[in-house]
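Q: Generate coordinates for the sequence data below:
(3 chains)
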Amino acid sequence: MPAESPRFNRAMVWFRRDLRFVDNAALYHALKSARQVWCVFVFDTDILDRLPSRSDRRVEFIWHSLRQLDDVLVENGGGLMVRHGSAVSEIPALVKSLGMDAVFANRDYEPQAIRRDHAVAEALASGGIAFETFKDQVIFETDEVMTAGGTPYSVFTPYKNNWLKTLDDFHLKPYPVEKYAAALAAPGSGGMPRLEELGFEKTNLLDIPMQPGLTGAAVALDDFLDRIDGYDRARDYPAVKGTSYLSVHLRFGTISIRRLAAEARARGGRGAETWLSELVWRDFYFQILHHHPQVVERAFKPEYDAVQFDNDPALYAAWCEGRTGYPLVDAAMRQINATGFMHNRLRMVAASFLVKHLNLHWSLGEKYFAQHLNDFDLSANNGGWQWASSSGCDAQPYFRIFNPVTQSEKFDADGKFIRRYVPELVNVPVKRIHAPWVMTPQEQLASGCVIGSDYPLPVVDHDAARRLTLERYGRIRKGVGTKPEV
DNA sequence: TGAAATGTTGGGGCG
DNA sequence: ACGCCCCAACATTTC
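A: Alright, predicted model coming up:
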């Protein structure tokens, strides 16, 4: 039992993207600080109403995850209150009606979320209610890892080195929420709206190998820990189960980043170290967004805003729908469309293709991924797209252009992944599957795939597109970085 | 967290 | 035996 008496009588924990009971910073602090703690989630219409589709796997993921969270809270003597409305008004209203003294939440670093939280904090403050927020979704936030000169890092490797140097056991220590569960208040039953009541329809979420909630997270983590030693070798091959598949759980907080980093550190070895490095990338991009919020609208490197992009709607549609004629790109796009997931290697390939082969602006691709990825996170998605378009911090150089055929030969050598998502090509021989347009008419007939009718011709020629992009990017580089004559 | 163009080397076929 | 050419195979440079 805590010796000191609680600061608050009644407190609320407002869950957002931290849908778990164990190792939850805000929940822990609330339970230690108040006699009675109510747990609340708001299906925020300010977010939901802006979603372009009424069929969204993420809404359903949240819905299932909340049910599980509620179960766990009930087991521990509490329960979850779920509301549907604008959080900015729902939270203060609920606080008032239940006579609460304080609201606890874990910090969210996205610009829209920051504005929302400011508005809520202001509304609460006018009633004398405290709004306390906590670091929970990253290991190091905002300015916790800085250069010796006190400036934020813009290059990953030195950031990572300092991140690793700064990391200590206590950063990874789980918050022992369970010990303080006695303060949980039971709100009574019947709070959970049905998906249809939220205005959303069921998706294929439960049919794809990515299960929601705390149980989904636990299964995925167990599975990955059996494979983590091979992560560094297997992670680039989309047909192989080599990556963690935990990103969606990090997105919604059905698992804690501290737990994952602790597992990686305890395991050690090349696989775990490589994976930990990916978790550091995640912190890195959160930190970039914090220090450079303009990346949402513009290139991190301003001179890259001068790159001339086309806007050919037919090419964009071909990319979105996975009919560019480049099998690996098409398989990647069909994977995201069918499942809401895309393998990381393919995110790079598909992004590079959109920007450097189709000459479309990176923000178009960024937006598409934002709408379709189950694990969509603003900072990482923006970072990835700016990396691919060479406009970001520590981005790949502009002249580094993925060859979609070479990438295919390297990372899907036997065409297994392509065949999984592009059934037209299922009988195309391995020798031809990476560039099926080179098949002779006889080969096309024999493999049941006539190029131009069963499967599209390449929408652009690789070599021509590459030259054009080098020229487009090269143009804006002229004069940039050259010292003026004195 | 590339790829293409260009340069170099060395083995083997051949006159 | 020797020089020449071809061209992988690898290395370096360039975008």
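Q: could you say what helices and strands the helix or strand in which residue A:331 is found packs with?
A: Secondary structure from DSSP states H and E places residue A:331 in helix A:327-339. Packing partners of helix A:327-339 (3 or more C-beta pairs under 8 Å, 6 or more residues apart in numbering; DSSP states H and E): helix A:313-321, helix A:344-356, helix A:362-372, helix A:404-411, helix A:416-421. Any C-beta I mention is one placed from the backbone N, CA and C, and that applies to glycine too.
Q: Now with 6 Å, please.
A: Applying 3 or more C-beta pairs under 6 Å, 6 or more residues apart in numbering; DSSP states H and E, we find helix A:327-339 packed against helix A:344-356, helix A:404-411, helix A:416-421.
Q: What residues does the stretch 101-250 of chain A have near DNA strand B?
A: A:156, A:236 (C-beta under 7 Å from any atom of the strand).
Q: For DNA strand C, what's the nearest residue on the stretch 101-250 of chain A?
A: residue A:155 (18.2 Å; C-beta to the nearest atom of the strand).
Q: ok, that residue touching residue A:394?
A: Yes - Residue A:155 is in contact with residue A:394 according to C-beta atoms under 6 Å; the separation is 4.9 Å.
Q: So between those two, which is more surrounded?
A: With neighbours defined as other C-beta atoms under 10 Å, residue A:155 and residue A:394 compare such that residue A:394 has more, 18 against 11.
Q: Quick check, that one in contact with residue A:156.
A: Yes - with contact defined as C-beta under 6 Å, residue A:394 reaches residue A:156; the gap is 4.8 Å.
Q: Which among the helices and strands packed on helix A:327-339 is found nearest to DNA strand B?
A: The nearest among those, by C-beta to the nearest atom of the strand, is helix A:404-411 at 3.8 Å.
Q: What helices and strands are in contact with the closest one?
A: helix A:327-339, helix A:344-356.
Q: Now render these as a markdown table, adding distance to residue A:123.
A: Output for the helices and strands packed on helix A:404-411, formatted as a markdown table (distance: least, C-beta to C-beta, whole Å):
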| stretch | distance to residue A:123 |
| --- | --- |
| helix A:327-339 | 38 |
| helix A:344-356 | 39 |
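Q: In JSON lines: those, plus distance to residue A:210, mean pLDDT and mean neighbour count.
A: Shown next, in JSON lines, are these (distance: least, C-beta to C-beta, whole Å; pLDDT from 0 to 100; neighbours: other C-beta atoms under 10 Å):
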{"stretch": "helix A:327-339", "distance to residue A:210": "7", "mean pLDDT": "98", "mean neighbour count": "24"}
{"stretch": "helix A:344-356", "distance to residue A:210": "15", "mean pLDDT": "98", "mean neighbour count": "24"}
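Q: Out of the ones you listed, which is closest to DNA strand C?
A: DNA strand C lies closest, by C-beta to the nearest atom of the strand, to one member of the helices and strands packed on helix A:404-411: helix A:344-356, at 11.6 Å.
Q: what angle separates the longest helix seen in chain A from helix A:344-356?
A: Longest helix in chain A, counting residues (DSSP state H): helix A:269-291. Orientation of helix A:269-291 against helix A:344-356 (axes from the mean of the first three to the mean of the last three C-alpha atoms, to 10 degrees) gives an angle of 40 degrees.
Q: could you give the mean pLDDT of helix A:269-291?
A: For helix A:269-291, mean pLDDT is 98.
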